[in-house]
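Undergrad: What follows is a predicted protein model with its sequence.
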Amino acid sequence: MFGIVIFPINFGFSFILMIFLVPLLFIAYVVMTWTRKCWICFVKWKHPRYIVVEEKNIRSILDQGRNPGICTLLIQGRSIVKDVRNHLTHLTSTKKFLKSALFTRWGIYVWKELDYFSVDNHLANSPYSYRGRPITENNIQDYISDVTSKFLPKKLPPWQVHVVNLFVQGEERQICLVRAHHLLLRQEHLTLADFLPLKYSTDNWTCQESDSPFTNLYVQLSALPRLQQMFRESFSNYWNDFLYNNDPIEQPEILKKRIGIFQCVKIATIVFVCTLKELARQFRKSERLKFLELLSIVRRESNKRNFNSRMIYDSIAKSFHPLDILYTCVALSWCIMVTSFLKTPLLLIRELRALQSLYRHNRYCSYPADTLMYTLSYYLSLTLQAIREMISISWIAATAPKIIIEEVFLKNPRSNRLQTISPCGRKVVAWSEKVDVELIRKMANITGATEMEILLTATVDALKEYFKHLAVNVPDDVFATVKYVSQRAVFLRNHEARGILCITLPIRTPLFHDDLIEILQVIQRNVQNARSRQSAIYAITAAETSYGLISSCVPSIVLKLLLNQLSKTYSLCLTHVDGDLPVEGIDGAVYWRPPQGNCNMSMTLHRHGDSIRLGIMGDALIGPRHFIIARAFPKSIRNLAGVLGVPSIYPKS
């Protein structure tokens, strides 16, 4: 009974809040867009030699001088890189921002093209030794972590490529580390893999959709786009017929005699629509339109059709002439009589035959094609599906305010901190040994969980080992934001829009201590709860990735304060990279999204081929304890496999 009462209250609160928020967000969008354009014009006037970055996104707002958003990709293989310098020389010759330094002026990012640019300043080959020892598989992670802990030079373009040659089990291997600022990748439409001369075997590319629980939260719209396309095609056909019959350009004989007011209105409508189409064409070209240019467009379209004040006066005079009024009344009466006594019965007979034909499922009958029954049968089912999709969208929008407030603002941030001291901004990294995908798949089949939920259970167990080595109380939960990224987006140019989910990782479980089965059960419940409740959060964050929805409506300073507070609560950033890798000569890859704001750590579960690695990126002040998580992850997988009775598989590293 209590649940029945509280549900309408919550829904009503969300609906009322949405009603107030929609106009406020619209007004805020208009004001913010206009204000930002004025501010950008001021910066352009103040610094005419700089290229001002006009777009704004969440990562740019969270950027700080000591904590920039540097995306990182590590690739390991056998002779995967040949002649990197020539590749980078060719790449920088086609991308101007790769030769430009990135600064902030008056709170806005600007690019400054350098007078002198050299690829050698961005391409680094590893030394033969590190801290007095040859670089091998035993100390390669220490060396790579030391490289990532250094800031990129501020006076140079924000990207860097490191090539490391080492021996692993007597074989020569290469490790390539690519680091680049997120804004550089976004503006030049690059991926981190574009900085390396990789060979893609697209013939073996499989595009199957991942079974990750952090994607496909809702069914893609199908009825609404189809209905929109059908209406557009129908309108286009009707409009073309209308033009053919009423446009003086198509039918010059229309103006050879005096026209009435109805024909004049039709010509005025054509002039108006053609003017709008011309305006839309100029806006697509980003051309600024002045008032005088608008008048010239209207005048040009009117002159094409001799539409002027003389035509309007003559059409009114003709329509209100007594003889024309009498002729119109007689013609209208005759039309009504013919329609009532002759045409209507014939139409009814055709409709009955069409209904009978449709009832018998005779699709090859010639009657239904141009009848009302055929139109209703064709559009009705599609319209009902579109209505269902609209109701689903409206439900997500109506419940969005309540869910966002609960997930973002009503959780206690004190009990889940991964780092108790202020971050310094430098980043250290680590990655685990390979874990066989087949082992994960067997455990998923036994438990009924997804492969990602198995991996999350092992990640939580590895985090427990990390907390045991810290002189702090082990938290009950760790709040994390999770995002799915496909291999296509990491290695190929792909503008996919993926949203973010907020999940709770249980460090302590209510019944048993350190019980992996119970941890898996809690994670399954939390993931299902997030999928069922957070469709709005996923959709909004995906829209922000594609269109900058949030950053266009909320002032930057307000948004920065909110995001800093949010990143205190969700202090772990987790990425799931899945999909086959169509790159020749690659043995392994790890991609890191940079933790920003008050987010303390970024983790990546990166699948490559038949194995998975866990990558960790955290603030340099947590080092070297971040290696604990990487070392503990494969052990946790094997422990979970032992509990479930699945024989462990040890892939070659």
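TA: Nice, thanks for sending it over.
Undergrad: Show me where the stretch 101-250 of the chain dips below the pLDDT cut-off.
TA: Along the stretch 101-250 of the chain, the parts satisfying pLDDT under 70 run over 201-209, 219-220.
Undergrad: the helices in it, which residues?
TA: According to DSSP state H, counting those that start in this stretch, the stretch 101-250 of the chain carries its helices in the segments 140-148, 182-187, 223-246.
Undergrad: so is residue 474 in a helix, a strand, or just coil?
TA: coil (DSSP: H, G, I helix; E, B strand; the rest coil).
Undergrad: Residue 486 is nearest to which of the helices of the stretch 101-250 of the chain?
TA: When the helices of the stretch 101-250 of the chain are compared by Cβ to Cβ, helix 182-187 sits nearest residue 486, at 15.8 Å. Glycine gets a C-beta too; all of them are placed from N, C-alpha and C.
Undergrad: For stretch 512-522, list every residue counted as buried.
TA: Within stretch 512-522, the residues that qualify as buried are 516, 518-522, counting by 16 or more other Cβ atoms under 10 Å.
Undergrad: Go through those and name the one nearest residue 197.
TA: Of those, the one sitting nearest to residue 197 (Cβ to Cβ) turns out to be residue 520, at 42.4 Å.
Undergrad: Wait, the closest one touches residue 457, no?
TA: Yes - contact criterion Cβ atoms under 8 Å: residue 520 and residue 457 qualify, at 4.5 Å.
Undergrad: Quick check: neighbours shared by the two?
TA: residue 640 (Cβ atoms under 8 Å, 6 or more residues apart in numbering).
Undergrad: pull the helix or strand with minimum mean pLDDT from the chain.
TA: Using mean pLDDT, DSSP states H and E, the weakest-scoring helix or strand in the chain turns out to be helix 344-359, at a mean of 64.
Undergrad: same question for stretch 542-553, mean pLDDT?
TA: Confidence over stretch 542-553 (mean pLDDT, whole number) is 77.
Undergrad: And for stretch 473-481?
TA: On average, the pLDDT along stretch 473-481 is 85.
Undergrad: Would you map the strands across the stretch 401-550 of the chain?
TA: Assigned by DSSP state E, counting those that start in this stretch, the strands in the stretch 401-550 of the chain fall at 427-431, 435-436, 477-486, 500-506.
Undergrad: just how off-centre is the shortest one within its chain?
TA: On the basis of Cα atoms, centre = their mean, to the nearest Å, strand 435-436 sits 29 Å off its chain's mean C-alpha point.
Undergrad: cool, and the third one?
TA: Taking Cα atoms, centre = their mean, the mean C-alpha location of strand 477-486 is offset from the chain mean by 15 Å.
Undergrad: So residue 117 is in contact with residue 97, correct?
TA: No - in this structure, residue 117 is not within contact of residue 97 by Cβ under 8 Å, at 11.4 Å.
Undergrad: Which one of those two is surrounded by more residues?
TA: residue 97 (22 against 15; other Cβ atoms under 10 Å).
Undergrad: Just list the residues touching the closest residue in space to the more buried one that isn't next to it in sequence, thanks.
TA: Leaving out its chain neighbours, the residue that sits closest to residue 97 by Cβ to Cβ, 6 or more residues apart in numbering is residue 188, at 5.3 Å. By Cβ under 8 Å, 6+ apart, the contact list for residue 188 reads 95, 97-98.
Undergrad: mind redoing it with 10 Å?
TA: Going by Cβ atoms under 10 Å, 6 or more residues apart in numbering, residue 188 touches 91, 94-98, 159, 180, 194.
Undergrad: Give me the subset of the buried residues of stretch 512-522 lying in helices.
TA: 516, 518-522 (DSSP state H).
Undergrad: Any chance of those residues in TSV with pLDDT as columns?
TA: As requested, those are exported to TSV (pLDDT from 0 to 100):
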residue	pLDDT
516	90
518	91
519	91
520	92
521	92
522	92
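Undergrad: circling back to that earlier point, which of the contacts of residue 188 are buried, as a ChimeraX select command?
TA: Those of those that count as buried under 16+ other Cβ under 10 Å are selected in ChimeraX with:
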select :91,95,97,98,159,180,194
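Undergrad: Kindly indicate which of the contacts of residue 188 lies nearest residue 39.
TA: When these are compared for distance to residue 39 (Cβ to Cβ), residue 97 comes out closest, at 21.4 Å.
Undergrad: Show me this structure divided up by domain.
TA: Listed by automatic domain parsing, the domain ranges of the chain are 2-46, 249-370, 399-645.
Undergrad: if you compare these, which one is most tucked away?
TA: Across the domains of the chain, averaging neighbours per residue (mean count of other Cβ atoms under 10 Å) puts domain 399-645 on top, at a mean of 19.
Undergrad: what separates it from the chain centre, distance-wise?
TA: 18 Å.
Undergrad: Might one say that residue 56 is in contact with residue 552?
TA: Yes - judged on Cβ atoms under 10 Å, residue 56 makes contact with residue 552 at a distance of 7.5 Å.
Undergrad: ok, back up a step: so how far is residue 434 from the residue nearest to residue 97?
TA: 32 Å (Cβ to Cβ, to the nearest Å).
Undergrad: and residue 326, what is it in contact with?
TA: Residues near residue 326 by Cβ under 10 Å, 6+ apart: none.
Undergrad: Got the confidence number for it?
TA: Residue 326 is given a pLDDT of 72.
Undergrad: How much space separates it from residue 260?
TA: 14 Å.
Undergrad: Check residue 189 too.
TA: Going from residue 189 to residue 260 by Cβ to Cβ gives 56 Å.
Undergrad: and what of residue 117?
TA: Using Cβ to Cβ, residue 117 is found at 70 Å from residue 260.
Undergrad: One more: residue 527?
TA: 68 Å.
Undergrad: Now do the strands in the stretch 1-150 of the chain.
TA: Using DSSP E, counting those that start in this stretch, the strands of the stretch 1-150 of the chain run over residues 51-52, 70-77, 100-105, 108-113, 123-125, 129-130, 133-134.
Undergrad: Deepest-packed of the ones you listed, please.
TA: For the strands of the stretch 1-150 of the chain, average neighbour numbers computed from mean count of other Cβ under 10 Å are highest in strand 70-77, which has a mean of 22.
Undergrad: when you compare where it runs with where strand 427-431 runs, what's the angle?
TA: 30 degrees (axes from the mean of the first three to the mean of the last three Cα atoms, to 10 degrees).
Undergrad: Surely residue 548 and residue 56 touch.
TA: Yes - with contacts counted by Cβ under 10 Å, residue 548 reaches residue 56, the gap being 6.1 Å.
Undergrad: Residue 402 and residue 196, how far apart?
TA: Separation of residue 402 from residue 196 (Cβ to Cβ) stands at 46 Å.
Undergrad: center of the protein - which residue?
TA: In the chain, the residue lying closest to the centroid (Cα atoms, centre = their mean) is residue 497, at 2.0 Å.
Undergrad: And that residue, how close does it get to residue 312?
TA: From residue 497 to residue 312 the distance is 49 Å (Cβ to Cβ).
Undergrad: can you pull the alpha-carbon coordinates of stretch 271-286 into PDB?
TA: Taking Å, rounded to 0.1, in the frame of the first residue of the first chain, the C-alpha atoms of stretch 271-286 are listed here in PDB:
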ATOM      1  CA  VAL A 271       7.700  32.300 -52.600                       C
ATOM      2  CA  PHE A 272       7.700  31.900 -48.800                       C
ATOM      3  CA  VAL A 273       8.900  28.300 -48.900                       C
ATOM      4  CA  CYS A 274      11.600  28.900 -51.500                       C
ATOM      5  CA  THR A 275      12.900  31.800 -49.400                       C
ATOM      6  CA  LEU A 276      13.100  29.600 -46.300                       C
ATOM      7  CA  LYS A 277      15.000  26.900 -48.400                       C
ATOM      8  CA  GLU A 278      17.500  29.500 -49.500                       C
ATOM      9  CA  LEU A 279      18.000  30.700 -45.900                       C
ATOM     10  CA  ALA A 280      18.500  27.100 -44.700                       C
ATOM     11  CA  ARG A 281      21.100  26.500 -47.400                       C
ATOM     12  CA  GLN A 282      23.100  29.600 -46.300                       C
ATOM     13  CA  PHE A 283      22.900  28.600 -42.700                       C
ATOM     14  CA  ARG A 284      24.300  25.200 -43.500                       C
ATOM     15  CA  LYS A 285      27.200  26.900 -45.100                       C
ATOM     16  CA  SER A 286      27.600  28.900 -41.900                       C
END
